[in-house]
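S.K.: Quick one, structure for this:
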Amino acid sequence: MQRRYITVDVFTDRAFGGNPLAVVLDAGGLSTEQMQAVATEFNYSETTFVLPPADPAHDAQVRIFTVNRELPFAGHPNVGTAFVLATLAAKTRARLLFEEGAGLVPVEIVTEQGKVISTEFTAPQPLKRMSNLPVEQAAACLSLSASDVNTDRHPPQIISVGLSFLAVEVASREALRRARPDAAAFAKTFPCDGSDAVYFYTRDVPEGEKPCELQARMFHPGASGLSEDPATGSATAAAAALLADLDDIKDGELRLKIGQGVDMGRPSLLLTRVRKKDGAIVSTHVGGSCVQIMEGTFRLDGKG
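M.R.: Sure thing, here's the model as predicted:
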């Protein structure tokens, strides 16, 4: 059986920016092992597989794989998969609803003159704030010193809205640029509360990188050691929710424009909004643009 795929660059409006994603269409009948093998073959940070939903009221079941494991939820795969499906649809829908391991994930579709221009997912779970880590330990994961870490808003902390990350604020744009993943420190730190990755950001954004209000990076285990992700929607959602939780505003919507991937030559722009009511977070959303890059087919029979 021929399986069709489309690749997109996510969280960018230009080719070869953002985070690449492969979307495998008509994935019914493929085993988990085959999906993992295909994701490893693509060698992108994530590959998604679109299957019929268990509940016909939903639009699709979406399974998400890195090069070495399946994820219950991830951000840029939702933005990119929704973009692909909405672009292929004979009639554009305003919203798609995906079944995923972490729960139901709604994705809003933004169109202009009948053309899909961006999509925005809603995080499937409320913010979870878990273990705090010592500043020195978090800094070591980034090959930085403790003085490079800013703790005036929050300590290094494991957070999640569906997938866990260690969130660290660094004090300067220079420290963000200088950071490198340290394998020994990662091995001492992870896994922790379901996390094996560090999302770190700074509020020190130079004029040339505005209108972004934060610049961020993310290190995680890849197929051949520690890797960097150019745009991480799930970590961005968790960080946006954390910052909104810390904000004094009781009611309203907090929006942030967050840059990522700049220091690795794949600039990305992630647009976040977090809704609060009576001091509590109601919902967390992350969206952005996509660009289709490639499409093709491969032959793989479904087994088991």
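S.K.: Give me the neighbour count for residue 97.
M.R.: Residues near residue 97, counting by other Cβ atoms under 10 Å, number 17. (Each C-beta comes from the backbone N, C-alpha and C, glycine too.)
S.K.: So it lies in a helix, does it not?
M.R.: No - read with DSSP: H, G, I helix; E, B strand; the rest coil, residue 97 is strand and lies in no helix.
S.K.: Distance check, it against residue 253.
M.R.: Between residue 97 and residue 253 the computed distance is 22 Å (Cβ to Cβ, to the nearest Å).
S.K.: Looks like residue 214 contacts residue 259 (just checking).
M.R.: Yes - distance between residue 214 and residue 259: 7.1 Å, which falls inside the contact criterion (Cβ atoms under 8 Å).
S.K.: shared neighbours of these two, anything?
M.R.: Contact with both residue 214 and residue 259 is made by residues residue 205, according to Cβ atoms under 8 Å, 6 or more residues apart in numbering.
S.K.: And stretch 159-175, how far out from the chain middle?
M.R.: Stretch 159-175 has its average C-alpha position 13 Å from the chain's average C-alpha position, going by Cα atoms, centre = their mean, to the nearest Å.
S.K.: Report the buried residues of that stretch.
M.R.: Burial within stretch 159-175, assessed by neighbour count using 16 or more other Cβ atoms under 10 Å, is assigned to 159-171, 173, 175.
S.K.: go on, stretch 180-196?
M.R.: For stretch 180-196, the buried set under the neighbour-count rule, 16+ other Cβ under 10 Å, comprises 181, 182, 185, 186, 189, 190, 193, 195, 196.
S.K.: avg pLDDT for it?
M.R.: Stretch 180-196 shows a mean pLDDT of 97 in the predicted model.
S.K.: going forward, begin numbering at 18 instead of 1
M.R.: Right, with 18 as the first residue, what we last looked at is stretch 197-213.
S.K.: ok so residue 175 is a helix residue?
M.R.: No - Residue 175 sits outside any helix when classified using three-state DSSP, being strand.
S.K.: Pretty sure residue 155 is one of the things it touches, is it not?
M.R.: No - assessed by Cβ under 8 Å, residue 175 is found out of contact with residue 155, at 10.4 Å.
S.K.: Need the residues touching each of those two.
M.R.: With contacts taken as Cβ under 8 Å, 6+ apart, residue 175 and residue 155 have residue 183 as neighbours in common.
S.K.: In terms of neighbours, single out the busier of the two.
M.R.: Between residue 175 and residue 155, counting by other Cβ under 10 Å, residue 155 is the more crowded of the two (27 against 20).
S.K.: For that one, which non-adjacent residue is closest in space?
M.R.: By the measure of Cβ to Cβ, 6 or more residues apart in numbering, the closest residue to residue 155 outside its immediate chain neighbours is residue 173, 3.5 Å from it.
S.K.: Count the neighbours of the one you found for me.
M.R.: If we define neighbours as other Cβ under 10 Å, then residue 173 has 24 of them.
S.K.: ok, now how distant is it from residue 53?
M.R.: 31 Å.
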